[in-house]
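Enquirer: sequence plus the predicted model coming up.
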Amino acid sequence: MELNDEVLIKAEREKVFLALNDPDILQKAIPGCELIEKLSADKYKATIVSKIGPLKIRFKGEATISESKFPSNYKITGEGRGGPAGHAKVVANVVLRKEESSTRLAYTVHADIGGKLAQLGGPLVEKTAQKLSANFFENLDTLLLANTPMETDDMIISSPDKTPSYWDKVSGISVVVAIGILAWAMLK
Amino acid sequence: MSQRKNDDWMGTPLPRKEDRRLLTGKGKYVSDIVIPGALHAVFVRSEYAHAKILSIDTSEAEELAGVERIYTGDQIKHLIKSMPQPIVQPALPAHYPTFWPLAVDKVTFHGEPVALVIARDKYVAEDAAELVFVDYEELEPVLDPEEALKPESAIIHEKDGTNEIFSMTFTGGDTEASQAKNAAEVEKIFQNAPIVVKDRFKTHRTGVTPMEPRAILCDWDDSDGLLAYITTQRPHIDRLALSDILDISAEKVQVIAPRDQGGGFGVKAPFYRENIIIAHAARDLKQPVRWVESRYESLMNVGQERDQINDMEIAADLEGNMLALRNFGLADNGVGTTGVYWGFVMPFLGAIELPNGYKWPKADIRLKVATTNKACLTPSRAFGHFPTRFAIERCIDMVAHKIGMEPSAFRRKNLVADLPYTSITNEYFDSGDFLKVWDTLMEKANLPDFRVQQKNALSEGKYIGIGFGCGVELSGVASELFVPMENQPGYGAATVRLDPRGKVQVFGGDAPGGQGHETTTAQVVASEFGISPEDVIITTGNTGSTPFGSGSVGARMGSYFISAVAEACRELKTKIAKFLAHDLQLEASVEHFEFKNGEVVYLGDDSQRSSFMSIVERIIMFPINMPEGETGGLDATTFFEAAKPMICFNADCCVVEVSLETGDFKILKWITAEDVGNVINPLIVNGQMHGAIVQGISNTVFEEFVYDEQGQQLTADFEHYKMANAADVPNIDLNYATTPCPHTPLGTRGIGEGRPSSVPGALTNAVCDALKPFEIEITTLPLRPDAIWQKIQDATQ
Amino acid sequence: MVAKVAININGRLFQEEVPERMLLVDFIRERAHLTGTHIGCTYEGVCGACTVHLDGEAVKSCMLLAAQADEHKVTTVEGLAPDGELTPLQEAFKSEHGLQCGFCTAGILMNMTDFLKRYPNPSEQEIREGLIGNLCRCTGYVHIINAVRKVVQENQSRKT
Amino acid sequence: MQAVKSRILRPAHVIDLQALSELKFVKAEKGLLTVGAMTRYVDIVSSDSIPLELIALKDAASRVGDRQVRNRGTLGGSLCWNYSAACTPAAVLALDGAMNLISPDGSTRQVAADDFFLGPLETARKEFEILLSVDFKLTDSKSGSAYKKWGLVTDALPVIGIAACLHFSNMDCCDYARITLTGLSGAQRCLGAEASLVSTSANTEQITEAMMIACSEISTYTDSIATEDYRYQLIKTIGLEVIETAKKRAFSLA
């Protein structure tokens, strides 16, 4: 399955990049995110309870950052497991482009879904994953508007070792996508 | 039940003996059999198509109350012999994969058994299966048979160093040199032929899904050994295989295929890995263990067949003579881990049967079979030749179109007219009259009338079309073919035992699944002895009481089994006549007596007679004053083997109307002609034909096993794997043009197994005929509205 | 996790403690020991082999919890001919060879018994559509439809 | 139940509302048809109270699954589950039904179909709210409705299902149209198609044009049963048939 989309976020590129890598912001933007936890320098895990209509599914995911270039792009490989429901493997490329004072975020996601997820979710997965991504960015946009610019700037300035810290945080997005697909795949 | 004239029950539409219990819910299928204390087994199956097993954590599952034991591949691989074992291995050269009942080291298809949970309650067993955590490392899945054979492909069974499990050339003799010479000769014909059609014919993965999934119930006793109730078409083979693989001395293994089985269609013919581990568990735990397959598991693991690509070429002349046939087949074998068939045995037979009932002066027929990370092909009615028959019947229409000839006339011109005949792939056609069958069909089809209707319809904007197809079907499988193909004998075996009250017990080692063996056998026995079918009881499928039989496969009932029954009856009749002549002081033997109306009557003087019961009682109970050299008792076991393989022949015609707007089509008529040999019970024969044809339609149009690019099987329930329902299929107009088989004692033929194979060609030909104004030729199955609509779009834009 | 249920099956009352999640079909097969009702699919409820009557109407017993049948009347195939005499529909299935392996037959009989009560004079197309909830692999449906039609014809000729 | 049996949905408790006979009814009065939430498909199909203008509801209910399913399945169950390829939500959306919901505190509220169906499996029903019934307004103008679907096997879940409801002031003037679609991602309206039909006579050409607009507003997909393009073709052909049927019914021609 391939997902491609772009969104315009009303914030500067650096801020968006950092926000996408900020576990606090991510936790707020991802509906039902219970936990984002660091396992190693480039490995993270997250637990998300997805509630779709009457379905409530707890998913556990792990993500690895393989490429990251501040503030323009990064690549994440994520794997999520929804217990007996199945699994998903996701590779996401995110590119951030400056557009005046806003940021154009383009993402491409390749996802392989397995187990009952794939069998029952069918082609709905794609449509619904799109919808989930849209919700996520909507939330992100709202959160960024509510955030004071200083806080994000502070993070940049105070970070002693820039690159790893981005890496630390970047994982969030892949988890969002992986878990989102898992959850929405169950919509049947 | 009324008494018939002469007590000849042959050809009588007798309601079945089986029906009363089945209509009142008293049938006993494996899952209905209760052994107190039986534990329930649930398999943990692979979520991946191809992956290394890094670890299996069963600790949480084991703690669940009610869980008795959890097995993994690592635990059992030293206790159970690996496959293959000779008893379930054909005598064909192939790369047979090594495997155990549970995956060891890696998984090779989505749905492969990885662990087995045994619990006291089936709901708990399912809970526990969810708590078995398997850590996998994904490997590249091999999913396309063409890619699989390329040198750069990942290898599924590493020890073989190739994914080519089997390959063979079926024409041109046994040596490479003679085959190459033949190929060159065929090539020369193609270079000079005025008409050549070449195309690629693809048949999707589909098959037959019995309504009863697989099941096994095993009990163990240290002194008596293993008792296994199995949904199986071949209990005797299963018995030997379980004995060999589990190292249980053969006399301590009894397998019972209950007389009630919810359909087989080939799906219950292989020897399955699940049976090994369930039997092992019963022995290990010394408790009964039951496994009942869910439909989910069934659709993930079995019933998947067809799945072939046939690159076919036909050369013909302008007068409509077939000159040569060339076919390079490629079958997608799946993973190949299924005993007896290993996937490739079906395409092997499909290639042999490819030439169908036509005279081919020359042919070059080859087959390659590739292992992939999908479920292993399992036999499904029309074993292996559903795809090759689709290809040839479709290709023949395309050739006829090119010549400008009616496809039906082209067929008739090239059908084998004189039998016996040996086909270009060395398949022996023993008897029959293909032209009589064909002419019967054409008379009913009334083609000239149809062409007028078609023209009129077209002027009203309606697209109707007519399609034809035919098929030679194996009537049982002679040892000559069965030994190399499946390493098993082809003979039919039956024990007929008379009791002192004049009743008859028949024992057969095959194991039916709805074909009505009890009724048909009773009719034959009743006809032979001149008694009522009610007086006959049939036992099948119990290895403890029946003679060895290779199973209910390949239309063996009407050919081999029933012939053995008839011969056993005749053997007993000879003995009865001898005793009666002796008692009546007549110089007479069996041909001087008539068995009718419950009596044995001397033909020379009908006052000289005995009731059937008294003479039988006398021989069994009062063995004194006997003919010289005789002993008492009436019990005969016979083994029937025909000198050569036997066949039957059938032909289909269907009429469809296609919607240009949606590509959807409706089958307006389905007409057939059948040579089934002498008929024992027309109800049963009709039922076999209806079922086979509708299966063929359902396979052609609706059913498809779908794998995604990762090898995930997406059609594991009946909502996604779409079987035709009653509103989707037509009525069927059956017509018979029979010729008695000269090689069976009753003139009967085995029928029904191969019957679906002419369906996909006939149906697709009809759709193409309807769309002839657009010159549409369909070469890929399934035959779906979206694909037809797309073809119409492509042709009109 | 345990529910107490009282289900009348074929005129016999079964009062049992069952796991809440127990399906009605499992209750019928394992508690009432009536194994004529079969299971042919996993979760999808498509095949119809488990069809029984709930208060006289055909339903799929694999799609109901046993608890949902509490204090209701269930009839299974074993209850169609309690006195041993086959119903006209059962007789017609026999004479028209409307069954082969018999695994799906109980469900078909239960569905068609209810169907004929509601539609005493159906066309062939209506019978076919009435059968959509029952998959059969053996018969191609032809003889099943003939059997149902036979009962319809018998009923009609009795009326006239 | 499929979701429960496949262990995807794991409810702690199941409450069977079938016992509430108060929720099983079809009644027409004062320009309003009300259908109780626990009214089964079979009851809808056999009800004499459903007027011709709302017949799309019968069209949909009569083709859900199979007889056994229709003997058990309910309108409310289908609406609240709102499965992506369900039949009745599309019909209810086309007929502009209004959902009457009750909360545990006894308060009730009404939600229009447009606001109720939020996407596959998602509705405006809050946790612990129960759907009591659905109201359909009857109109004085000539009106007709229809629903039809296509699946590979007869009466399967729709690959594409379309419902339409049209009101006419006369034969040449359609003054109200609602067209809905199911099979892709739950019940959805074809707003552009609806708008294009209003003030036309809804003849074959205009309907064809409207369905072209519907296709331009919707994205379909390819799976093993139907290609993306074929789904568009189904939208066009079924749409034409459904809308023409609705029109004929409005003038009692069918």
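Expert: Thanks, I have the structure now. Numbering: from 1, shown residues only, chains lettered A, B, ... in the order given.
Enquirer: could you use CA atoms for every contact and neighbour count after this?
Expert: OK.
Enquirer: lowest-pLDDT helix or strand in chain A?
Expert: Between all helices and strands in chain A, the lowest mean by mean pLDDT, DSSP states H and E belongs to helix A:149-158, at a mean of 35.
Enquirer: doesn't B:Ser758 belong to a helix?
Expert: Yes - judged by DSSP: H, G, I helix; E, B strand; the rest coil, B:Ser758 forms part of a helix.
Enquirer: list the contacts for it?
Expert: Residues in contact with B:Ser758, defined by C-alpha atoms under 8 Å, 6 or more residues apart in numbering or on different chains, are B:Phe386, B:Arg389, B:Phe390, B:Glu393, B:Gly469, B:Cys470, B:Gly471, B:Ala651, B:Asp652.
Enquirer: any part of the longest helix seen in chain D near chain B?
Expert: Secondary structure of chain D per DSSP state H: the longest helix is helix D:228-250. Yes - counting by C-alpha under 8 Å from any C-alpha of the partner chain, chain B is contacted by helix D:228-250 at D:Tyr230, D:Gln233, D:Leu234, D:Thr237.
Enquirer: which among these end up buried?
Expert: Buried subset of the residues of helix D:228-250 next to chain B (neighbour count, 16 or more other C-alpha atoms under 10 Å in any protein chain shown): D:Tyr230, D:Gln233, D:Leu234.
Enquirer: which stretches of the chain have low pLDDT?
Expert: Picked chain A for this. Along chain A, segments meeting pLDDT under 70 span A:31-32, A:41, A:50-57, A:84, A:121-132, A:146-188.
Enquirer: I was after chain D.
Expert: Within chain D, the ranges that satisfy pLDDT under 70 run D:254.
Enquirer: ditto for chain B
Expert: B:1-7.
Enquirer: which parts of it sit against chain A?
Expert: When proximity is defined by C-alpha under 8 Å from any C-alpha, chain B lies next to chain A at B:Glu47, B:Tyr48, B:Glu130, B:Gln710, B:Gln712, B:Gln713, B:Leu714, B:Thr715, B:Ala716.
Enquirer: restricted to helices, list the residues you listed.
Expert: Those of the residues of chain B next to chain A lying in helices (DSSP H): B:Glu130.
Enquirer: what's the burial count for B:Asp733?
Expert: B:Asp733 has 15 neighbours, counted by other C-alpha atoms under 10 Å in any protein chain shown.
Enquirer: before we move on, the earlier item: so what does the longest helix of chain D touch, helix or strand wise?
Expert: Applying 3 or more C-alpha pairs under 8 Å, 6 or more residues apart in numbering or on different chains; DSSP states H and E, one finds that helix D:228-250 contacts helix B:785-796, strand D:142-150, strand D:160-170, helix D:204-217.
Enquirer: all strands for chain A, in order.
Expert: Under the criterion DSSP state E, chain A contains strands at A:2-9, A:33-40, A:43-52, A:55-69, A:73-81, A:87-99, A:102-114.
Enquirer: could the ones you listed go into JSON lines alongside mean neighbour count and distance to chain C?
Expert: Putting those into JSON lines (neighbours: other C-alpha atoms under 10 Å in any protein chain shown; distance: least, C-alpha to the nearest C-alpha, whole Å) gives the following:
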{"stretch": "strand A:2-9", "mean neighbour count": "15", "distance to chain C": "28"}
{"stretch": "strand A:33-40", "mean neighbour count": "16", "distance to chain C": "28"}
{"stretch": "strand A:43-52", "mean neighbour count": "20", "distance to chain C": "20"}
{"stretch": "strand A:55-69", "mean neighbour count": "20", "distance to chain C": "17"}
{"stretch": "strand A:73-81", "mean neighbour count": "24", "distance to chain C": "22"}
{"stretch": "strand A:87-99", "mean neighbour count": "21", "distance to chain C": "20"}
{"stretch": "strand A:102-114", "mean neighbour count": "20", "distance to chain C": "18"}
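Enquirer: I'd like those as CSV, with distance to D:Gly31 appended.
Expert: Below are the strands of chain A laid out as CSV (distance: least, C-alpha to C-alpha, whole Å):
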stretch, distance to D:Gly31
strand A:2-9, 47
strand A:33-40, 48
strand A:43-52, 36
strand A:55-69, 37
strand A:73-81, 52
strand A:87-99, 52
strand A:102-114, 50
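Enquirer: ok so, going back, and which of the residues of chain B next to chain A is nearest to chain C?
Expert: Comparing the residues of chain B next to chain A against chain C with C-alpha to the nearest C-alpha places B:Ala716 closest, at 9.3 Å.
Enquirer: can you check the pLDDT for whichever residue of chain C sits closest to chain A?
Expert: Ranking the residues of chain C by distance to chain A (C-alpha to the nearest C-alpha) places C:Glu44 first, at 10.5 Å. pLDDT, C:Glu44: 90.
Enquirer: dump the residue contacts of it.
Expert: Counting by C-alpha under 8 Å, 6+ apart, C:Glu44 makes contact with B:Asp717, B:Phe718, B:Glu719, D:Gln2.
Enquirer: any of the residues you listed buried? List them.
Expert: B:Asp717, B:Phe718, B:Glu719.
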